[in-house]
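Participant: need coordinates for the below:
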Amino acid sequence: MLVTFANGNRVDLSKGIDISLPLTDDESNPRAWYVDLPRFEPVRTDDWVGVVKEGGGVNFRNIFFNPHGHGTHTECLGHITETVYSINESLNQYFFNAVVISVSPEKKDADEGTDEVVTLKQLLPLKKYKTIEALIIRTLPNSADKKSKNYSSTNPPYIDVECLELLDQLEVKHLLIDLPSVDKELDGGVLAFHHEFWGVPNNQRFDRTITEFIYVPDLVADGEYLLNLQVAPFENDAAPSRPVLYPFL
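Facilitator: Residues are numbered from 1 along each chain as shown. All right, here's what the predicted structure looks like:
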């Protein structure tokens, strides 16, 4: 199906590119924050089992997972506030003009060893845009092991809080990244980028979301897209999500 927008842009809705990671119950599932793998367990009672191959009429499984630690998820400011605001209530639009940018995080001396950081300098090419509703950051190298990596205790790359100067200028509302967090893994609970992005506590931004643990395949060139940000309706600070990109024709 072809769709033409008022500004003349066109997309083919049959050509969406899924940049989410599926949830599985084996070692192929990515994870972070020291959680175990997700579990998919059939319901069993005294006289019934939710497994067809064991004689049940249907497959009927409980799924145990953590949105933040087990794959692609979208979160709102309720992630860092005393009140656990719901992403299901915060996000009520699902299509956005988006920009993809690829960056190689820079090495930076830290208290213990070396960090890899997405810096303001690396995002300066975005200044050619007047505004960006949704910004998608792909870190390089873009190896396939991102799709199954256990990031716990690996000190993954993160985003320098100074980048928010530019993101605010561009009026970015939705930030998506292929890492488990926009902040440093062990930062003493500061979560500087989260707090500044959402204006917590003094200027709270309910209209902003962060999506982590995406994977942008190499076939996606840097540039402009239509983003469909699909989020499961969980009344929680975060929920599993499925961002889909549509190239403009």
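
Participant: hey, where'd the helices end up in this protein?
Facilitator: In the chain, helices defined by DSSP state H lie at 87-90, 120-123, 164-169, 192-198, listed in chain order.

Participant: including distance to A98, mean neighbour count and mean pLDDT, could these go into CSV?
Facilitator: (Glycine included, C-beta is placed from N, CA and C.) Putting these into CSV (distance: least, Cβ to Cβ, whole Å; neighbours: other Cβ atoms under 10 Å; pLDDT from 0 to 100) gives the following:
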stretch, distance to A98, mean neighbour count, mean pLDDT
helix 87-90, 18, 18, 98
helix 120-123, 15, 17, 98
helix 164-169, 13, 15, 98
helix 192-198, 17, 21, 99
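
Participant: how about CSV for the ones you listed, with distance to T24 added?
Facilitator: Shown next, in CSV, are these (distance: least, Cβ to Cβ, whole Å):
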stretch, distance to T24
helix 87-90, 22
helix 120-123, 32
helix 164-169, 32
helix 192-198, 27
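
Participant: closest one to D111 among these?
Facilitator: Evaluated over these, closeness to D111 peaks at helix 192-198, with 14.7 Å, by Cβ to Cβ.

Participant: just to revisit the earlier point, closest to E224 out of the helices of the chain?
Facilitator: Here helix 120-123 is closest among these (Cβ to Cβ), at 15.5 Å.

Participant: which strands and helices sit next to that closest one?
Facilitator: If you count contacts as 3 or more Cβ pairs under 8 Å, 6 or more residues apart in numbering; DSSP states H and E, helix 120-123 packs onto strand 95-103, helix 164-169.

Participant: same list (these) but as TSV, adding distance to G223.
Facilitator: Output for these, formatted as TSV (distance: least, Cβ to Cβ, whole Å):
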stretch	distance to G223
strand 95-103	6
helix 164-169	18
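
Participant: wait, which of those is closest to S20?
Facilitator: Using Cβ to Cβ, the helices and strands packed on helix 120-123 put strand 95-103 closest to S20, at 14.2 Å.
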